[in-house]
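Visitor: This is a predicted model, with the sequence first.
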Amino acid sequence: MLIPDFLQKLVLLPVLALFAFVAQAQPMPATGPDILPEAEQNCGLTLSGKVLDHDNREPLIGATVLIRELKRAAVADEYGNYHFHDICQGTYTVQVSYIGYEQEAFTFRITTSSVRDLQLHTDTRTLNTVQVIGSHVKSQAQSSELLGGRDLAEARGLTLAESLKSIAGVTTLQTGPTISKPVIHGLHGSRILLLNNGVRQEAQQWGTEHAPEIDPFVATEMHVIKGAAGVRYGADAIGGVVIVEPKPLPDSVGVAGSLNLMGSTNNRQGVISAMVEGNVAKLRPLSWRLQGTLKKGGFSKAKDYYLNNTAFEEQNFSGTVGYTKQNYGAEVYYSLFQTKLGILRESHVGSSEDLLNAINRDKPFGADTVKFTYDIRTPYQDVTHHLLKTRLYLNSATAGKFEFVYGLQQNVRQEYALHGNSAATPAMQLKLTTHTTEAVWEHKPVGNFSGSIGAATVYKHNTYKYDDFLPQYTGITAGAFAIEKWQKDKLQLEGGLRYDYTYLLVKKYEPRTDNGSGSALIKPDYTFHNLSGMVGGMYDVGYHLTFGLSATSAWRAPGANELFSEGIHHSSVAYEVGNPNLKPEQAYNFEASVDYYANRRFNAKLSVYNNYINEYIYTAIQPEPELTVRGSFLKFLYKQADASFRGADLSFDLKLVNKLTWISKSSVVRARNLDIDDWLVAIPADRTDNKLTFEAGDVGKQLKETYFSLGGLFVARQTRMPTKADEDLAEAPNAYFLVHAEAGTTLYFGKQPLEIGITANNLLNTAYRDYLNRFRYFADETGRLIMFRVSIPLDFRKS
Amino acid sequence: MKKQFRPYVAFLLIAGLTFTTAACSDDDPEPVEEQELITSMKIEFTPQGKSNTPITATYSDNDGDGGQPPVVSNTLDLDPNVTYDVKISLADGSKSPALDMTPEVREEGDDHELFYEDVNNALGLVIEKTDRDSKGRTVGLTATIKTPALNKTGNLRVTLKHQPGIKSTTPDQTKGETDFIGNFPVVVN
């Protein structure tokens, strides 16, 4: 009775979609992939062609051509020819790699036997085949970027959000050195969707001091979609999407693995991360992987003093078992993330009087006497996140591809305050349990059209203990979408539509009354439903140049915290009052981009966007503070206004002379409250990061892929602060310039490689504060930090 | 192998399972029992060497944060040129009956200190804390206050600070977290 009938039907959507699919797929005999009945399905097709150098049209002899879906590979012969026989009709991704060239992937729809020539571009950035990831044909008009290879390796040991900072347009919102959240084009929190291994991460994302509970070591690549992407990824994806993808399970017999060791100066952090994976010889389709990470760090040090109580520890584990056949398969994945994060002692203040006392000190009280330790004392956070995912898929030559993903997540967040018996009981405990399902059917291409339809549901249930700042709630969301792409020659057009329905039931006690009588339990409920849409176009001019235009939208229902939070939010020393009358936010994102790629000397990417958000939810400071027995607190009320986020991201790399490349990334964002014509608070300042990389390549016989780089990050002072309302407590900190350096090589002991890297941040030990760090009121940022890392790939498949 | 594995059966099982879980019942939450809550501060003035009934006032906010703001029971009416023994008691009025929190603060004297402020020095009070913690530092649950010879009107503010590990021999009100601020209007005449 809690869930309206209509909703029950919506929850059933994926199941219905499944029935539809099964009905479609019925004629398909349930056979193994090896014996394909050719007559009915026309599986006797041939795909062949030449692999050529894009610039001089020379055949690339020995290039590897892989059909990803079929896991079948061919090698180009002495004339550059390759061929595959006995292929069924369908869409295939053909991946081509050749040493010294960028690995590229081409998507073909095969309806008859075809001849396709594959052209490769010289690898302009490095001559390492492992470095460059990505296909030059963008799959969508909207800006998206991939973090992998060396950039990801250099970020190993950092938090998820910190690792993403090397992407133009992505910054972080920090709470000291240990807690950071990704910010995309000025938006963060509930407006950024995180897809962890195909499942949307459901935790307490609304909190500015709640970091994503994902182990970055799980990922072999991270993909960031910038801007609203509601159609494919569902409600909430107003600011962007971060996709964390592990590599596919192994398909060759034997056991392999890797060991990563890291150590750093400053907070004397140690990290050990190991992975073992294998394939069962007697049952070839069955593969498995186990992975784990341990991290521990002590107090961070600013230029002149240790930051009291900033130690942390983290333990992560994940395991995967997969059964992979050509026509069907299943995968079960489980991951556990557990962390304990110390919070700067100074930042835990009572009333606004205490806060002002702290702000007026130029460094934390007693900072000079703080000694280094790994101990974590109160205040601290203890967070555990479980994820269980199952994925099933069916490939049918007649119907296309069907995929079903179910995710179960449990997030337990305990926040310990400074007070009295706090060692035993947390000041606040939140437990969120989420079930997510998604069913997607990627249909067989029809003419120039390809696309997919799908349905998804999210069920979440939140309970609290010790503090009722956030109410208990149950939320159900169900949605369905369709996306179609039309491609002919150099033009690609895409369009999509999605409908989502959300039901929210809140259970909350009214504030206590003066006469001490019990308070009443109220049970307000909400329903929201809305459409998201997307249209985009891309034109490949040729000569390494692509133009893209896109208009995307997404919406977000107000969260339980925005509707009903009431009380002191300790992390912001504010008395927050929810607003039960909030309406959903609706974002319309327009973007134009130019992409100049795969050139020998110069590659660049420029995107300009305008993200217009209707009914943007923000907290507005009230003129009268909230008086309590602990003093006065700034009072914030959740409000709505139309807002716009405009900006540009530019990244390029330019080869100056042989082996020396200039790599540059810059971003600018301007955010306005359109209702009162004022700036919005807490928007990242303009920044540019430039570095010179010297590719020493192979030094002697033992050192390979050696490189050095030196660069500097300049972050301007945020001068665009709100003046009419919602003013900040203190002025924005000054601009700063940080020098960073990286170096890496691969050492060979016979056949055993050993990857070694050093990353130095804030090399000159500059004292600075960042506008988007909540600790900026209290203490300087971390000083010089040098990270050492060793990565040892292990192969037990002795041959 | 061929016909044993029917993936769509598994699909259905899982989809069904999800649906069942989604539809399960939802219990009501329990009201939160706040720990170590102080909702009222009572101040008692007893003139030294006399057995008069003490002059008292209470500053309280029994409905907690939000709702009604804190209130003070009455104005403290003190005599001029008198030295008073002052005693503070703290209570948690959210419980029924109200819980006396004074012993707890006294026990944790090493982590707490009370600070008396004669707001804007309008009253000209001479204040001295008389109790000590285990390390000989002032606590402030008891004090002596000497009133001036002339008639005055003003406010006395008493702040309880939680200073775990950072309490020093020289009292410093700017440190630590504020547990309670009591505001008492005072008239000396």
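Guide: Alright, I've got the coordinates.

Visitor: And the strands in chain B, which stretches?
Guide: Using DSSP state E, the strands found in chain B span residues B:40-47, B:55-60, B:71-72, B:76-78, B:83-92, B:99-100, B:112-118, B:126-129, B:142-146, B:152-162, B:177-188.

Visitor: Would you confirm that A:A741 contacts A:A760?
Guide: Yes. Applying Cβ atoms under 8 Å, one finds A:A741 in contact with A:A760, separated by 4.6 Å. In this view, the C-beta of every residue, glycine as well, is placed from N, C-alpha and C.

Visitor: higher neighbour count, those two?
Guide: Remark: of A:A741 and A:A760, A:A760 carries more neighbours, 19 against 16, as counted by other Cβ atoms under 10 Å in any protein chain shown.

Visitor: Could you spell out the sheet neighbours of the helix or strand where the more buried one lies, each with its direction?
Guide: Using DSSP states H and E, A:A760 sits within strand A:752-761. Strand A:752-761 has its sheet partners listed here by DSSP bridges as strand A:736-749 (antiparallel), strand A:785-795 (antiparallel).

Visitor: for it, which positions count as buried?
Guide: Under the neighbour-count criterion of 16 or more other Cβ atoms under 10 Å in any protein chain shown, strand A:752-761 has A:755-757, A:759-761 buried.

Visitor: Farthest pair within those residues?
Guide: A:E755 and A:N761 (19.5 Å; Cβ to Cβ).

Visitor: Report how many residues lie close to A:G298.
Guide: 21.

Visitor: Look up the pLDDT of it for me, please.
Guide: Predicted confidence (pLDDT) for A:G298: 96.

Visitor: Check the spacing between it and A:G270 real quick.
Guide: 10 Å (Cβ to Cβ, to the nearest Å).

Visitor: Kindly state the domain boundaries assigned to chain A.
Guide: As given by automatic domain parsing, the domain ranges for chain A are A:41-122, A:240-247+A:255-795.

Visitor: Buried deepest among these, which one?
Guide: domain A:240-247+A:255-795 (a mean of 19; mean count of other Cβ atoms under 10 Å in any protein chain shown).

Visitor: Ends of that one, what's the gap?
Guide: End-to-end span of domain A:240-247+A:255-795 (Cα to Cα, to the nearest Å): 38 Å.

Visitor: For B:V9, give me the pLDDT.
Guide: 52.

Visitor: follow-up on the earlier one: from the chain's centroid, how far away is the strand holding A:A760?
Guide: Chain-centre distance of strand A:752-761: 24 Å, with Cα atoms, centre = their mean, to the nearest Å.

Visitor: I'd like the average pLDDT over it.
Guide: 93.

Visitor: what sits up against that strand?
Guide: With contact meaning Cβ atoms under 8 Å, 6 or more residues apart in numbering or on different chains, strand A:752-761 is reached by A:153-156, A:704, A:738, A:740-748, A:782, A:784-793.

Visitor: and with 7 Å instead?
Guide: Around strand A:752-761, the neighbours that count as contacts under Cβ atoms under 7 Å, 6 or more residues apart in numbering or on different chains are A:153-154, A:740-747, A:785-793.

Visitor: Make CSV from the strands paired with strand A:752-761 and add mean pLDDT to it.
Guide: Compiled in CSV, the strands paired with strand A:752-761 are given as follows (pLDDT from 0 to 100):
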stretch, mean pLDDT
strand A:736-749, 94
strand A:785-795, 93
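
Visitor: Can you lay out those strands as a markdown table showing distance to A:Y503?
Guide: Below are the strands paired with strand A:752-761 laid out as a markdown table (distance: least, Cβ to Cβ, whole Å):
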| stretch | distance to A:Y503 |
| --- | --- |
| strand A:736-749 | 47 |
| strand A:785-795 | 46 |
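
Visitor: Quick check: the closest residue to A:L660 other than its chain neighbours vs A:Y406, distance?
Guide: Spatial nearest neighbour of A:L660, chain neighbours left out: A:F694 (5.5 Å); criterion: Cβ to Cβ, 6 or more residues apart in numbering or on different chains. According to Cβ to Cβ, A:F694 and A:Y406 sit 48 Å apart.

Visitor: How about A:A256?
Guide: In this view, A:A256 and A:Y406 are 29 Å apart by Cβ to Cβ.

Visitor: now swap in A:G240 and tell me
Guide: Counting by Cβ to Cβ, the gap from A:G240 to A:Y406 is 25 Å.

Visitor: swap in A:F737?
Guide: Separation of A:F737 from A:Y406 (Cβ to Cβ): 48 Å.

Visitor: Same question for A:T474.
Guide: To A:Y406, A:T474 is 19 Å away according to Cβ to Cβ.

Visitor: before we move on, what about A:V241?
Guide: Look at A:V241 and A:Y406: by Cβ to Cβ, they are 20 Å apart.

Visitor: got a list of contacts for stretch A:477-496?
Guide: For stretch A:477-496, contacts defined as Cβ under 7 Å, 6+ apart pick out A:7, A:10-11, A:13, A:140-141, A:231-232, A:234-235, A:448-458, A:497-502, A:533-540, A:542.

Visitor: before we move on, what about stretch A:340-356?
Guide: Residues contacting stretch A:340-356 (Cβ under 7 Å, 6+ apart): A:176, A:178-179, A:307-313, A:358, A:364-365, A:376-377, A:379-382, A:418, A:570, A:573, A:625, A:630-634, A:775, A:778-779, B:177-178.
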